[in-house]
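Chemist: sequence and computational prediction follow.
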Amino acid sequence: MTGLKIMFCILFVKSCTSWHSPENGATCKPGSCGENDQMCECLLTIEHRLTMMTTNPPMLVRPYNGSLYLYNDTNHRFPLSDEKVAGVITGDGYGSRLVIAINGKFPGPTIEAYEDQTMIIHVRNLMHTDSTTIHWHGMHQKGTPESDGVAFISQNPILPGKTFTYKFTAQPHGSSFYHAHIGDQRSMGLYGGFIIYPKDKFSSQPQVGFTVLLQDWNHDDEPETLYQRMINGVYDLSKNTLIEPTQSVDGANFSRFHMHSALINGKGRYYTGYNDRYNRKTFTHNNAPLETFEIQYSYSHRFRVISAATLYPFRVYVQGHRELNIRASDGFEIVRGTGNNSRDLIVESFIIHPGERFDFTLNANQDRGTYLLVAESIEDLSKKTPPEYHAAEAIIRYKGTSSTYPNKDSSAHSRCTSSTPCVTFNCPYLYYPNYDNRLCITFDEANSNERLSKFKEVQIADETLFFNFAFPGELGNTPGSVNGHQFISPTSPILTNEKDLTTHCRNTDCGEDKICNCTYNVELSSDRVYQFVLTNLGNGRGWSHPVHLHGHYFYVMKMGFGRYNKVSGKFLTSTTDIECIGSKNYCNSARWANITWTNADNSIPGLQLNYPPEKDTIIIPTGGYVIIRFKANNPGAWFFHCHIDLHNTNGMGMVLLESKDKYPHKDLSSGGDSSGKRSYHIIFLFTFLGLAFSLA
């Protein structure tokens with residue numbers, strides 16, 4: 001009978017939801033999601049909440065010395081109990097703003113499952129006016145493209161008051177996350193961790209550890225306003241001045257999204273800066289509570305860092321611990337070197353971009369005490385007046401030590417010297433300024449450490465395609481685009497309703513020297529090995545872009561950079577490896593400058609053919625390129641886009657229509673309601689149960 005129950009639940013997932021998920025109750029159904037369970041069934045309820053408010057009754061709270069107090073407790077005499085604090089969404093403790101909560105939490109609860117389990121996840125939209133979808137970032141959805149969760153690509157949005165059920169197989173293993181995939185709802189907190197434990201236990205490495213969800217944070221604006229401010233500018237109304245966008249140390253631009261602070265697992269603190277009488281930069285913070293991770297001396301602990309950021313990359317390090325052992329990126333294990341030359345990837349810090357995930361292990365071998373896990377924005381804030389500091393922080397406390405509330409780390413720069421420079425992994429540029437005493441390792445210098453890596457499948461490419469992710473055009477018309485195509489979303493899912501598409505890309509509108517608006521898509525043939533050259537070139541370059549591929553992982557074969565000043569670290573000129581075609585330098589079409597690279601793909605210098613690292617999100621440096629390869633073995637309509645929310649919304653995306661003749665043909669419900677045929681299910685249910693019990 002157990003087998004019949006499992007079969008029934010898989011066929012009729014709606015009727016299996018016999019438990020409720022209150023705000024402080026179980027997210028996933030008891031008796032599922034365990035190591036020996038075939039299914040993992042969960043329920044996510046989405047609704048709006050306010051930060052810095054208690055529940056039952058609702059009252060405003062304020063932070064002080066790492067604790068929370070009711071708004072009218074001005075002498076800070078009665079800190080809220082741990083139980084009360086657990087029900088408060090704090091953000092960075094500044095003011096009270098609207099967020100999107102999942103099961104009452106911000107960010108949403110982390111779901112933990114096991115490789116190859118059948119995932120059944122019911123999503124209930126209780127927002128009053130907003131539709132939504134949920135994308136399972138990192139899941140390949142092999143055989144289930146309808147569960148990829150992209151609005152108007154794989155499904156219709158889930159309407160207010162409706163429930164939609166996603167069903168897919170938990171593959172591949174590793175650190176992933178789920179998040180909204182309509183508009184910019186991720187910036188309001190519609191995301192959560194999604195950890196898939198591997199079959200292969202990697203016995204030398206701990207798998208169970210700490211999940212660290214990063215987010216850049218703005219005090220004022222909800223998603224639609226943020227998008228409009230990116231287009232029209234951000235102003236300081238108290239001073240009647242325009243807030244100029246920031247840059248990274250190489251001079252690459254960040255878009256107009258004003259970050260006030262940053263969060264780890266929905267918690268952070270807001271810094272204000274000033275210059276003291278000696279003109280030294282000084283910072284104070286608002287004493288908001290921070291996330292705490294407890295570690296045990298002499299043990300190795302795994303941290304799974306996931307960037308749900310809207311726009312900014314972060315450099316992650318641990319105060320007082322110079323060595324982080326990078327174990328995985330986007331769920332795939334990595335090392336440096338291959339074979340007998342293989343060694344751990346040991347660094348002082350790493351940079352993580354929106355959509356990326358990095359796992360590292362930390363040896364708890366320092367003096368017992370309290371330290372900070374720090375994720376600093378890679379913005380160059382040196383010219384900001386008054387000074388600004390943008391960082392997410394969490395407390396790392398050794399077990400058995402007293403609880404203290406630490407201040408800003410002041411030792412970060414002093415530990416990097418000219419004789420012992422700090423090593424930073426996954427830089428979107430080649431150099432830091434000399435005075436930083438910091439060395440860069442780019443991602444393509446890593447190698448796969450996956451025991452079952454299939455890299456030999458892609459050693460010969462069948463076809464090469466160039467895609468330029470940039471903001472090309474003339475003044476007043478420089479939208480986000482791919483090859484000059486500003487993406488327009490279909491009005492019904494292209495996976496199942498391509499015949500209804502009315503926004504086709506036409507040769508009369510699109511071309512080498514044109515910017516067009518359409519639903520840009522490219523067809524891929526089954527089982528061919530594709531080599532994509534992802535570029536960030538032409539007059540629309542200047543911003544780095546983390547690009548995410550749905551439905552696949554890919555192999556990072558090479559990263560190509562422009563020319564830099566080795567002393568200052570500043571970007572000088574774009575790569576000369578690629579020639580942009582056209583008279584306006586849009587780079588909507590491109591080719592290799594060296595014809596021999598076209599005639600023989602594997603003749604490209606620096607190509608990583610032996611155990612290249614796997615990934616599903618990669619940074620394209622400004623003025624540079626990335627070569628990736630993958631095998632088209634997963635039929636479906638897969639979104640391929642910049643993972644900076646604001647760039648994606650602005651049109652920097654496209655769809656890969658893969659193996660259209662092999663699409664899984666399934667009858668999908670519309671309008672986000674997965675209960676459309678429930679009456680038929682009930683009739684079939686009684687027939688099925690009657691037969692089952694008669695045979696029992």
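Modeler: Structure's in. What do you need?

Chemist: all helices for this structure, in order.
Modeler: 2-11, 82-86, 223-232, 494-497, 595-599, 645-649, 678-695 (DSSP state H).

Chemist: list of residues touching the shortest one?
Modeler: Under the criterion CB atoms under 8 Å, 6 or more residues apart in numbering, residues 145-146, 152-155, 490, 501, 519, 521, 636-637, 655, 657, 663, 668 lie in contact with helix 494-497. In this view, the C-beta of every residue, glycine as well, is placed from N, C-alpha and C.

Chemist: tell me, which of the helices of the chain is the model least confident about?
Modeler: For the helices of the chain, mean pLDDT drops lowest on helix 678-695, to a mean of 40.

Chemist: please name the nearest non-neighbouring residue to I134.
Modeler: G149 (4.7 Å; CB to CB, 6 or more residues apart in numbering).

Chemist: with adjacent residues omitted, what lies nearest to P433?
Modeler: In this structure, P433 finds its nearest non-sequential neighbour in G569, 4.5 Å apart by CB to CB, 6+ apart.

Chemist: now the one you found: how far from Y312?
Modeler: Look at G569 and Y312: by CB to CB, to the nearest Å, they are 18 Å apart.

Chemist: ditto for G476
Modeler: Distance of G476 to Y312, given as CB to CB: 26 Å.

Chemist: of the two, which one has the most company?
Modeler: More crowded of G476 and Y312, by other CB atoms under 10 Å: Y312, with 26 against 5.

Chemist: wait, isn't that one in contact with H390?
Modeler: Yes - using CB atoms under 8 Å, Y312 is in contact with H390, at 7.4 Å.

Chemist: common neighbours of the two, please.
Modeler: Taking CB under 8 Å, 6+ apart as the contact rule, Y312 and H390 both touch D216, M259, A262, S377, E379.

Chemist: so among those, where is pLDDT lowest?
Modeler: On pLDDT alone, M259 ranks lowest of the shared contacts of Y312 and H390, at 92.

Chemist: wait, that residue sits on P313?
Modeler: No - counting by CB under 8 Å, M259 does not reach P313; the two are 11.4 Å apart.

Chemist: for F303, what are its contacts?
Modeler: For F303, the contacting residues are G209, F210, V212, F293, D359, F360, T361, L362, L373, by CB under 8 Å, 6+ apart.

Chemist: before we move on, what about D130?
Modeler: Neighbour list for D130: P160, Q185 [criterion: CB under 8 Å, 6+ apart].

Chemist: mind pulling up the pLDDT for it?
Modeler: For D130, the pLDDT comes out at 95.

Chemist: and for A600?
Modeler: Looking at A600, its pLDDT is 75.

Chemist: count of neighbours near it?
Modeler: A600 is flanked by 8 other residues according to other CB under 10 Å.

Chemist: phi and psi next, for it.
Modeler: The phi and psi values for A600, taken as degrees, to the nearest 10, are phi -140, psi 100.

Chemist: ok, back up a step: filter the contacts of F303 to the buried ones?
Modeler: G209, F210, V212, F293, D359, F360, T361, L362, L373 (16 or more other CB atoms under 10 Å).

Chemist: in stretch 517-527, what counts as buried?
Modeler: N517, C518, T519, Y520, N521, V522, L524.

Chemist: can you lay out those residues as TSV showing distance to A593?
Modeler: Listed next are the buried residues of stretch 517-527 as TSV, based on distance: CB to CB, whole Å:
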residue	distance to A593
N517	30
C518	29
T519	31
Y520	25
N521	28
V522	23
L524	26
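
Chemist: among these, which are in strands?
Modeler: N517, C518, N521, V522, L524 (DSSP state E).

Chemist: just to revisit the earlier point, how near is the residue nearest to I134 to N156?
Modeler: 11 Å.

Chemist: who's more crowded, the two?
Modeler: G149 (29 against 22).

Chemist: tell me the pLDDT of that one.
Modeler: Per-residue pLDDT puts G149 at 97.

Chemist: what does Y405 give?
Modeler: Turning to Y405, the model gives it a pLDDT of 95.

Chemist: any idea how many residues pack against the closest residue to it other than its chain neighbours?
Modeler: Spatial nearest neighbour of Y405, excluding adjacent residues (CB to CB, 6+ apart): G66 at 3.7 Å. By other CB under 10 Å, the residues close to G66 number 18.

Chemist: what stretches of the stretch 401-550 of the chain score poorly on pLDDT?
Modeler: Along the stretch 401-550 of the chain, segments meeting pLDDT under 70 span 412-413.

Chemist: go again using 80 as the cut-off
Modeler: The model of the stretch 401-550 of the chain has pLDDT under 80 over residues 412-414.

Chemist: all strands for it, in order.
Modeler: Here the stretch 401-550 of the chain has its strands, by DSSP state E, counting those that start in this stretch, at 422-425, 438-441, 447-448, 463-470, 481-482, 485-487, 516-518, 521-524, 529-535, 545-549.

Chemist: out of those strands, which comes closest to I231?
Modeler: Closest to I231 of those, according to CB to CB: strand 485-487, at 12.7 Å.

Chemist: which strands and helices lie in contact with the longest strand anywhere in the chain?
Modeler: Secondary structure of the chain read by DSSP E shows that its longest strand is strand 39-50. On a contact count with 3 or more CB pairs under 8 Å, 6 or more residues apart in numbering; DSSP states H and E, strand 39-50 meets helix 2-11, strand 98-102, strand 108-114, strand 118-125.

Chemist: can you tell me the average pLDDT over the shortest one?
Modeler: For strand 98-102, mean pLDDT is 96.

Chemist: now it, how far from the chain's geometric center?
Modeler: 18 Å (CA atoms, centre = their mean, to the nearest Å).

Chemist: so it versus strand 39-50, what angle?
Modeler: With axes from the mean of the first three to the mean of the last three CA atoms, to 10 degrees as the basis, strand 98-102 and strand 39-50 are set at 160 degrees to each other.

Chemist: quick check on the closest residue to M654 other than its chain neighbours: phi, psi?
Modeler: Using CB to CB, 6+ apart and skipping the chain neighbours, the partner closest in space to M654 is Y520 (4.2 Å). Phi and psi for Y520, reported as degrees, to the nearest 10, are phi -70, psi 120.

Chemist: how close does Y520 sit to G480?
Modeler: As judged by CB to CB, Y520 and G480 stand 12 Å apart.

Chemist: swap in G91?
Modeler: When distance is defined by CB to CB, G91 is 28 Å away from G480.

Chemist: any shared contact partners between M259 and P313?
Modeler: Counting by CB under 8 Å, 6+ apart, the common neighbours of M259 and P313 are S377.

Chemist: looking at the two, which is more packed in?
Modeler: Neighbour count, other CB under 10 Å: between M259 and P313, P313 has more, with 28 against 20.

Chemist: tell me the contacts of G95?
Modeler: Counting by CB under 8 Å, 6+ apart, the residues that G95 touches are T51, M52, H219.

Chemist: ok, so what distance separates the first one from L98?
Modeler: Distance check for T51 against L98: by CB to CB, it reads 8 Å.

Chemist: and those two? Which one has more around it.
Modeler: Taking other CB under 10 Å, T51 and L98 do not tie; T51 has more neighbours (23 against 11).

Chemist: and the residue lying closest to that one once chain neighbours are set aside, how many neighbours?
Modeler: Spatial nearest neighbour of T51, excluding adjacent residues (CB to CB, 6+ apart): G91 at 4.2 Å. Counted with other CB under 10 Å, the neighbours of G91 add up to 27.
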